[in-house]
Every structure is written in structure tokens, then in C-alpha cells.
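*Asks:* here's a sequence, model it:
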Amino acid sequence: SRKTTVIFSSPDKDSMAPNRDIWQRIRKGLALQSYYDHPGIAKQVDWYSGNQTYIDRVMGRAELYLYHIVEQLEHHNMPLELALLPVVESAYDPFAYSNSHASGLWQFIPSTGSHFGLRRDWWYDGRRDPVASTEAAVEYLQYLYNYFDHDWLLALAAYNCGEGNVKRAMAKNRRQGKKTDFWSLKLPRETRAYVPQLLAISRVVANPKAHRVALPAIGNAPYFDIVDVPDQLDLSKAAQLASVDSEE
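*Replies:* The predicted model follows:
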């Protein structure tokens with residue numbers, strides 16, 4: 001049977017209480033703080049700190065998906081900085097599409113998506129399915145973390161430019177007697193900015209007041225539920241049954 005994700009309603013006011021705020025939950029699960037003061041992320045920190053409009057827009061989109069993603073990351077004991085990776089990848093837009101044919105919140109290219117079980121056909125692209133793509137991203141990131149001997153920065157770099165590129169850069173540094181940590185590798189320009197972007201937005205979320213940024217109130221509660229349906233269902237009918245307007 002096909003699965004349809006139906007958005008029921010935004011969280012109620014009780015879920016906005018301080019002890020139920022999603023940002024507090026994320027802060028408790030941050031695990032990469034040792035990199036937050038690295039000079040290599042200063043430019044990215046300044047950019048996020050000076051772009052409140054961007055923060056509003058992206059985190060407004062994130063409200064629909066953050067709770068689900070945080071749940072999945074916590075279940076696998078992964079750093080909650082990774083809940084902010086779609087900010088860097090897609091600006092939290094499940095319909096984002098890149099020149100390299102990457103798609104969805106987590107920006108899977110077709111081959112990697114297929115490898116991690118994301119089905120594509122005439123009706124459906126699993127890369128644009130927030131639930132399926134999150135499951136695939138968690139699996140992929142776990143694989144890369146193990147592959148690079150439990151180094152999250154190398155895993156993140158590989159998520160962006162491929163494990164082969166990172167592995168070759170490490171091998172080149174070894175031959176030259178150089179360090180093989182992320183900061184020492186000669187990687188594609190996009191990747192050299194990519195990892196600092198994630199660390200920078202994580203630093204801002206960890207202490208928004210210090211960076212003159214306001215985060216939108218997002219409750220620590222599910223935004224959507226998943227309903228199994230036996231066949232295709234018109235979205236306007238789904239909206240009617242869920243008592244939400246058709247646009248949402």
C-alpha cells in the first residue's frame with residue numbers, strides 16, 4: 001500500500017511551554033560544540049547572525065519536520081546538529097532541486113537515494129518524502145561516521161562531496177606527512193564551506209541571543225501523523241478528512 005503523510009495541525013499552545021520547546025531539546029543533544037569557536041567558521045557565523053529574514057524563512061519551513069528528524073536522530077544516538085543539516089542542504093525545502101540532480105530536504109542524488117532505498121517512479125520520488133528521506137539520511141550519515149572512524153566532520157564532508165574524494169584527500173595528506181583532519185584537507189570549495197555552515201548555524205541555535213538572532217517558537221510535539229491508505233488519494237480529500245485547508 002502507498003503511504004500518505006497528512007499534516008493535521010500545528011502544535012497547541014501547551015507544547016510551547018519552555019520545557020517543551022524543540023530548541024531546548026536540540027541544545028541538549030548538541031555534540032560538536034568543541035568546533036564552534038574554530039576560526040574556520042567565523043565567516044559563516046557572521047552571515048547567519050546578520051540574516052534574520054533568512055532564519056525566519058528557513059526555520060518556518062523546518063517547523064513541519066524538526067520534531068520528526070530530532071526523534072530519529074535521538075533514536076540512533078546521533079548529534080542533534082544533524083537536525084540542522086537540511087538548513088544547509090535545502091533551506092528545509094522538500095522540493096529543492098540542484099544542478100547535480102540532488103533533490104529533497106537531504107539533497108540525495110538519484111544513485112545514492114536508490115542505494116539507501118529511496119524509490120522513484122512516475123508518481124513518487126522518495127527523496128522528496130520527508131519521512132523516507134530522513135530515514136535514508138540517518139542511515140547514510142551513520143555509515144559515513146563509521147567509515148571515517150567516528151569523525152563527524154569527515155563524515156559530513158563525505159556527505160557533501162563523496163567518500164571517495166575525502167578518502168583521496170586524506171591519502172594525499174598522509175603521503176606528504178600532513179594531518180588528515182577536516183581542516184587540513186584540500187577538498188572542493190563547496191565542501192570547505194559546507195561543514196563550517198553546519199557548525200555555524202548550530203552555534204547560532206545554541207545561543208541565539210549572543211548572535212542577535214531570534215528563533216521562531218516551535219513546540220516539542222509532532223506536526224504531522226502518518227496514515228496508511230490502500231490506494232491513491234486526492235490531496236483535497238485528504239485535507240478534508242484531516243480538517244485542514246487544502247493549501248496546507
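
*Asks:* what are the buried residues along stretch 112-120?
*Replies:* 112-113, 116, 118 (16 or more other C-beta atoms under 10 Å). Using the backbone N, CA and C atoms, a C-beta is placed for each residue, glycine as well.

*Asks:* how far is it from where the chain is centred?
*Replies:* 17 Å (C-alpha atoms, centre = their mean, to the nearest Å).

*Asks:* what's the end-to-end length of it?
*Replies:* By C-alpha to C-alpha, to the nearest Å, the extent of stretch 112-120 from end to end equals 12 Å.

*Asks:* immediately after the helix or strand harbouring Glu71, which helix or strand?
*Replies:* Taking DSSP states H and E as the definition, one finds Glu71 inside helix 66-75. Next along the chain after helix 66-75, taking DSSP H and E as the criterion, comes helix 85-90.

*Asks:* export that next one as PDB, just CAs?
*Replies:* C-alpha atoms of helix 85-90 as PDB (Å, rounded to 0.1, in the frame of the first residue of the first chain):
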ATOM      1  CA  LEU A  85      21.800  19.800   8.100                       C
ATOM      2  CA  PRO A  86      18.700  20.400   5.900                       C
ATOM      3  CA  VAL A  87      19.200  24.200   6.500                       C
ATOM      4  CA  VAL A  88      22.500  23.900   4.700                       C
ATOM      5  CA  GLU A  89      21.400  21.300   2.100                       C
ATOM      6  CA  SER A  90      18.000  22.600   1.000                       C
END
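
*Asks:* distance check, Gly162 against Tyr124.
*Replies:* Using C-beta to C-beta, to the nearest Å, we find Gly162 at a distance of 26 Å from Tyr124.

*Asks:* if you could redo that for Leu185, that was the one I meant.
*Replies:* 37 Å.

*Asks:* so between the two, which is more surrounded?
*Replies:* Leu185 (21 against 14; other C-beta atoms under 10 Å).

*Asks:* which residues touch the more buried one?
*Replies:* Taking C-beta atoms under 8 Å, 6 or more residues apart in numbering, we find Leu185 in contact with 157, 166, 169-170, 173.

*Asks:* run the last query once more with 10 Å
*Replies:* 153-154, 157, 165-166, 168-170, 172-173, 178-179, 191-192 (C-beta atoms under 10 Å, 6 or more residues apart in numbering).

*Asks:* distance-wise, check Val88 relative to Glu190.
*Replies:* As defined by C-beta to C-beta, Val88 lies at a distance of 11 Å from Glu190.

*Asks:* any residues in contact with both of these two?
*Replies:* Common neighbours of Val88 and Glu190 (C-beta under 10 Å, 6+ apart) are 160, 197.

*Asks:* now the strands for the protein?
*Replies:* 3-7, 224-228 (DSSP state E).

*Asks:* the helices in this protein, which residues?
*Replies:* For the chain, the helices defined by DSSP state H occupy 22-28, 42-49, 52-62, 66-75, 85-90, 110-115, 130-147, 152-161, 163-175, 189-206, 235-242.

*Asks:* between the ones you listed, which gets nearest to Ala221?
*Replies:* The closest approach between Ala221 and any of the helices of the chain, judged by C-beta to C-beta, belongs to helix 66-75 at 6.3 Å.

*Asks:* now do stretch 108-121: distance to the chain's middle.
*Replies:* 17 Å.
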